[in-house]
Structures are given as C-alpha cells and as structure tokens.
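Student: model the structure of this input:
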Amino acid sequence: MRRLLYVGLLVALAAVASTAGSADQSPQQARNPKEIQALLDQLQRIPEGSRIRVQLVDGTTLEAQLLDVTTTSIRVFPKDASVERVIPLDQVKRVQPVKRGSLAKKIVLWTAVGFLALIGIGVATCAAA
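Tutor: Okay, the predicted model is just below:
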C-alpha cells in the first residue's frame, strides 16, 4: 500500500513539473506578417500629429497623438501620460483615427441655430399681435 502511495505521489510531482515549464512560455502567438503589413499601410495613411485610438493585443485601449511610424513600431504620446511611448507593431491589434469636429464649425452652427430661433420667436410674436 505504501509503495502505491509513493508511485501516485511521483506521478503527481511529474505532472506538476511538466506544466511548470510551459507556464514560462509567452501566451501570445506570433502575428501574421500580412496583418502587420496591413496595419503598417493603414498607419502610414494617417498624418503624423493626428489623434488615434490604439487597441493592443492584450485588450487595453489608449487614445494618443501619433508621433512617428516605423516598419516595426509606432511612437505615440498618450492622452493621459506625460511621456511618449513606443509600441511594437506586433502588439497593436487595431488603430482608428479619432474624429473630432472643428470648434469653429460648432460655433458657427450653434450661432446660426440661435439666430434662427430668435427670428422664429420674433415672427411668432408679430403674428400674434
């Protein structure tokens, strides 16, 4: 009985030892070179200095200003940080430009809406009198 217990213990230790070595390996797999090339082509069409949203392979997302694009990485200045960051292209899952309307366009639009509202109120007041 004791011999059977030792054999079971040795089998359990061997199983634990075999899985411990595989835990050191990186869980990420190598990215397809075609995917990286497509991402690089997309990044080269975005002007430097543009605001972008970057989704990384690990699931994190950050909004940043695009500073530079190389064949292996991008250099960005994150919105919430005071230091620029270099991100390897194989860590980038998706990049989207952040579209924001011009402040001048918004001011002109809302001024026109206000002006037309005032004219409407004036016409309604004159018609009622």
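Student: quick one: the strands in this structure?
Tutor: Ranges of strands within the chain are 51-56, 61-69, 73-78, 85-88, 92-97, based on DSSP state E.
Student: ok, which of these comes nearest Ile121?
Tutor: Distance to Ile121, taken as C-beta to C-beta, is lowest for strand 51-56 among the strands of the chain, at 38.9 Å. (Each C-beta comes from the backbone N, C-alpha and C, glycine too.)
Student: buried residues in the closest one?
Tutor: Buried residues in strand 51-56, defined by neighbour count with 16 or more other C-beta atoms under 10 Å: Arg51, Ile52, Val54.
Student: what about the closest residue to Leu89 other than its chain neighbours, how many neighbours?
Tutor: Leaving aside its sequence neighbours, Leu89 sits nearest to Ile36 (C-beta to C-beta, 6 or more residues apart in numbering; 5.2 Å). Counted by other C-beta atoms under 10 Å, the residues lying close to Ile36 total 17.
Student: Ile36 and Glu63: what is the separation?
Tutor: Distance of Ile36 to Glu63, computed by C-beta to C-beta, to the nearest Å: 22 Å.
Student: ok, back up a step: ok, so of the buried residues of strand 51-56, who is nearest Cys126?
Tutor: Nearest to Cys126 out of the buried residues of strand 51-56 is Arg51 (C-beta to C-beta; 47.3 Å).
Student: show me what contacts the closest one?
Tutor: Glu63, Ala64, Gln65, Leu66, Lys79, Pro97, Val98, Arg100 (C-beta atoms under 8 Å, 6 or more residues apart in numbering).
Student: most neighbours among those residues, please name it.
Tutor: Ala64 (23 neighbours).
Student: confidence score at it?
Tutor: Note on Ala64: pLDDT of 94.
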